[in-house]
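Q: this is the structure alone, sequence omitted:
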């Protein structure tokens, strides 16, 4: 017996679709997703990676042309104690439900897995990223994708950082948020001491008169390294800079003083790979 149940939807106001209503409303998603223990996986690629990571869908919403792909993915993995509803609706109905044109194959309401502990993420890790205060979900997703691409062993999210499982962050990460171990570190910057106790050298990425270059760091990498990246506007707080062991800058030309935080993350992760 398949682990899914196909349901045709014609009414955008169908109460069974509450998880998908007005996905463009940031305030609404911020309330519903964490509070309901859910996140939204957008696109068949992201859904496939979530399922491969063992995440469990509550339901899936898709257009008819994506139905074979979705059902094949659900049939290939255990999805839970009962059949997963697969809601099928024409694209105009999908847009009326979500508030945007759904052109990436599918949306799925996924149950959030429990976060691992700090020690579980750090066990055996040599390089980890700390995302501190990033508020743009696109940057969070792009930084997580860079973590996966350049082999970071784990990611730590400070209390002021945006949610890595917010729909846009998951989408921009292309589902790599499910492939790199991550958890939250709290409190921060006092949590720097937790990393230091576990043998990490903590390097803050920032512009500072006392900063060493990324080349210098790469030439003499510590056995365990935590790279800390700050928010899009002000960057890292002075308290965080004071708590870290090193401050590191990326050498740049043409009087460019800084990069987008996700771009800086990619450069730093590549240089220390």
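A: Arrived safely. Given the structure is predicted, the values throughout are model-derived calculations rather than measurements. Numbers count the residues shown, from 1 in each chain.

Q: beyond the lowest-mean-pLDDT helix or strand in the chain, next helix or strand please.
A: Here the helix or strand of the chain ranked lowest by mean pLDDT, DSSP states H and E is helix 26-35, holding a mean of 60. Downstream of helix 26-35, the first helix or strand assigned by DSSP states H and E is strand 38-42.

Q: sheet-wise, list the partners of that next one with their directions.
A: According to DSSP bridges, strand 38-42 forms sheet pairs with strand 106-111 (antiparallel).

Q: what is the mean pLDDT for whichever helix or strand comes after the partner strand?
A: The helix or strand immediately downstream of strand 106-111 is helix 118-122, counting by DSSP H and E. Averaging pLDDT along helix 118-122 gives 98.

Q: buried set for helix 118-122?
A: Using 16 or more other Cβ atoms under 10 Å as the test for burial, helix 118-122 gives 118, 121, 122. (Glycine included, C-beta is placed from N, CA and C.)

Q: quick one: which of these is nearest to residue 23?
A: For the buried residues of helix 118-122, the minimum distance to residue 23 (Cβ to Cβ) is 29.0 Å, reached by residue 121.

Q: what score does the residue sitting nearest the centre point of the chain have for pLDDT?
A: When Cα atoms, centre = their mean is applied to the chain, the residue found nearest the centroid is residue 164 (3.2 Å). Model confidence at residue 164, given as pLDDT, is 94.

Q: as JSON lines, the buried residues of helix 118-122 with distance to residue 173 would be great.
A: Converted to JSON lines, the buried residues of helix 118-122 look like this (distance: Cβ to Cβ, whole Å):
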{"residue": "118", "distance to residue 173": "21"}
{"residue": "121", "distance to residue 173": "17"}
{"residue": "122", "distance to residue 173": "21"}
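
Q: for the chain, which segments count as strands?
A: 4-8, 38-42, 57-62, 84-88, 106-111, 127-131, 154-157, 182-184, 201-205, 212-213, 225-229, 246-249 (DSSP state E).

Q: neighbours of residue 193, how many?
A: For residue 193, the neighbour count with other Cβ atoms under 10 Å is 12.

Q: quick check: the gap between the residue lying closest to it once chain neighbours are set aside and residue 18.
A: Distances taken as Cβ to Cβ, 6 or more residues apart in numbering place residue 243 nearest to residue 193, at 7.7 Å, with adjacent residues excluded. Counting by Cβ to Cβ, to the nearest Å, the separation of residue 243 from residue 18 is 43 Å.

Q: ok, the two, which is more surrounded?
A: Taking other Cβ under 10 Å, residue 243 and residue 18 do not tie; residue 243 has more neighbours (20 against 11).

Q: who are the neighbours in contact with the residue nearest to the centre of the chain?
A: Contacts for residue 164 were tallied using Cβ atoms under 8 Å, 6 or more residues apart in numbering; they are 140, 141, 144, 155, 157, 170, 173, 177, 182.

Q: most neighbours out of those, which is it?
A: Most surrounded of these: other Cβ under 10 Å gives residue 144, at 30 neighbours.

Q: ok, that residue touching residue 175?
A: No: taking Cβ atoms under 8 Å as the definition, residue 144 is not a contact partner of residue 175, at 9.6 Å.

Q: neighbours of residue 21, how many?
A: Residue 21: 17 neighbours (other Cβ under 10 Å).
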